[in-house]
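A.B. asks: have a look at this prediction, sequence included:
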Amino acid sequence: MTSPLHINGFDHDSDDESIDVSRQMTDALVHPGIPDDPLLIELTPEQFPLHFSERDGRLFHSQLFSSHYPLPVDTPEQERLKVMHRVLYLLIGAHYVGPVSDVLAPTDEREKLVLDLCTGTGQWVMDMAREFPHVQFRGIDIVPIATRYPLPNVQFEMHDVNTSYRWRTASVDLVHARSVSMAVSLLPPIPSPQNSHNCSIFQIIDYPAILQEIGRVLRPNGLFISCELDGYPTFQSALRVNPRELAPGAYTFFDVLTHALNVCRGIQPIAGTLPALLEAAGCFRDITADLYYLPIGLWHHDQRMKDIGRAFGATLVRYADSVKPLLLEAGLTEEQVATITAAYVHDLSTVPGLVVVLHTVHARRM
């Protein structure tokens, strides 16, 4: 066990905000039913600073030229992600969609294996591991921010989602990908004279390539689950109103953010395209898509949805702080960001009926 470590205010103590990747034998040795690679190496306290960098008062991952992920990885952002995890559970009523119970049902032949991409704080993995204690769970991320005290059937590993996974072909029963689009680009960054001097050049990596890698590691009839939020707020369809007209501050904020993500990271909203991407991958069947509506604020008449709206609205306000460094990187001034953010927060708290659509898709491996 490593000793407590503090990195630029990033808490690496005995709470649930960091990872301790302990030295252990391969899964193939510890869990004979799970094929794997050689020894996993312990991350020592001295190595933690190598995985983080500080910019504009926030802590980010240090893999600037290999990962597109634009958001901070510090404690405020981790807290936001934990609230979002709870919000999605309350909205859906479970930690998953699709026939997960069937896929993860125990068998005498082997242990089942689940892989969580871009696991972040690892909260989804930990909750699922409690629900399915007979299943082995693995969470991967480019930064070590998951719990340092995982459950016996949980292991967190550092790995870039854009590179090949270490698991053998047809060895994983379920792959889960939530909000992965922030770490993957569909297109190379768009050149822009206004901000080409600020934005970094990234590898051209695409979501379809990741789907192929997911298809490779999934067993036949294995399950893939994806959850992605729309890039813009809207109104419930029954209202039939234009969000750009009734919530101009919120819409302008996401206009500017979408442009910054595209210009600086090559990231585009993909939530609505997931079924088509899975179809085009050519290795999935039974592609099933669904929509969930996340209310923003306290306008909803149903108390459960009102509670969801209160929590979700708070995460969106904090989200503005998380993306501020990206907006500055894209060429906006501090004053411009402050003005856009103020109008955005005003609309979130005063415009009734605003929602963000959550797109979920699950599909079976052919």
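C.D. replies: Thanks, I have the structure now.
A.B. asks: what strand or helix carries the residue nearest to Ala250 when sequence neighbours are not counted?
C.D. replies: Once flanking residues are discounted, Ala250 sits nearest to Asp347: 4.0 Å by Cβ to Cβ, 6 or more residues apart in numbering. Just so you know, the C-beta spots here come from the backbone N, C-alpha and C atoms, and that holds for glycine as well. Applying DSSP states H and E as the criterion places Asp347 in helix 334-350.
A.B. asks: pull out the buried positions in that helix.
C.D. replies: Buried residues in helix 334-350, counted by 16 or more other Cβ atoms under 10 Å: Val337, Ile340, Thr341, Ala343, Tyr344, Val345, Asp347, Leu348.
A.B. asks: any figure for the gap between the fourth one and Pro72?
C.D. replies: In other words, Ala343. 23 Å (Cβ to Cβ, to the nearest Å).
A.B. asks: just the helices in the protein please.
C.D. replies: Here the chain has its helices, by DSSP state H, at 27-30, 75-92, 100-103, 123-131, 207-217, 243-246, 248-265, 274-281, 303-329, 334-350.
A.B. asks: just the buried residues of the third one, please?
C.D. replies: Yep, that's helix 100-103 we're talking about. Val100, Val103.
A.B. asks: and the closest residue in space to Thr169 that isn't next to it in sequence, what does it touch?
C.D. replies: Nearest residue to Thr169, sequence neighbours excluded (Cβ to Cβ, 6+ apart): Arg216, at 5.4 Å. Counting by Cβ atoms under 8 Å, 6 or more residues apart in numbering, Arg216 makes contact with Tyr165, Thr169, Ala170.
A.B. asks: ok, now Val361?
C.D. replies: Ile225, Ser226, Leu274, Pro275, Leu278, Ile287, Thr288, Ala289, Asp290.
A.B. asks: what's the local residue count around the fourth one?
C.D. replies: I take that to be Pro275. Pro275: 16 surrounding residues under other Cβ atoms under 10 Å.
A.B. asks: so what pLDDT did it get?
C.D. replies: What the model reports for Pro275 is a pLDDT of 97.
A.B. asks: same check, this time on the first one
C.D. replies: pLDDT, the model's per-residue confidence, is 98 for Ile225.
A.B. asks: got a list of what the closest residue in space to Glu279 that isn't next to it in sequence touches?
C.D. replies: Nearest residue to Glu279, sequence neighbours excluded (Cβ to Cβ, 6+ apart): Ile287, at 6.2 Å. Contact analysis of Ile287 by Cβ under 8 Å, 6+ apart lists Pro275, Leu278, Glu279, Val361, His362, Ala363.
A.B. asks: now swap in Ser179 and tell me
C.D. replies: Cys118, Cys227, Glu228, Leu229.
A.B. asks: for the first one, give me its contacts.
C.D. replies: To tie it back to what came earlier, the one meant is Cys118. For Cys118, counting by Cβ under 8 Å, 6+ apart, the contacting residues are Tyr69, Ile140, Asp141, Val161, Ala177, Arg178, Ser179, Val180, Met182, Ala183.
A.B. asks: try it again with 6 Å
C.D. replies: By Cβ atoms under 6 Å, 6 or more residues apart in numbering, the contact list for Cys118 reads Asp141, Val161, Val180, Ala183.
A.B. asks: contacting residues around the third one?
C.D. replies: Under the criterion of Cβ under 6 Å, 6+ apart, the contact list for Val180 reads Leu117, Cys118.
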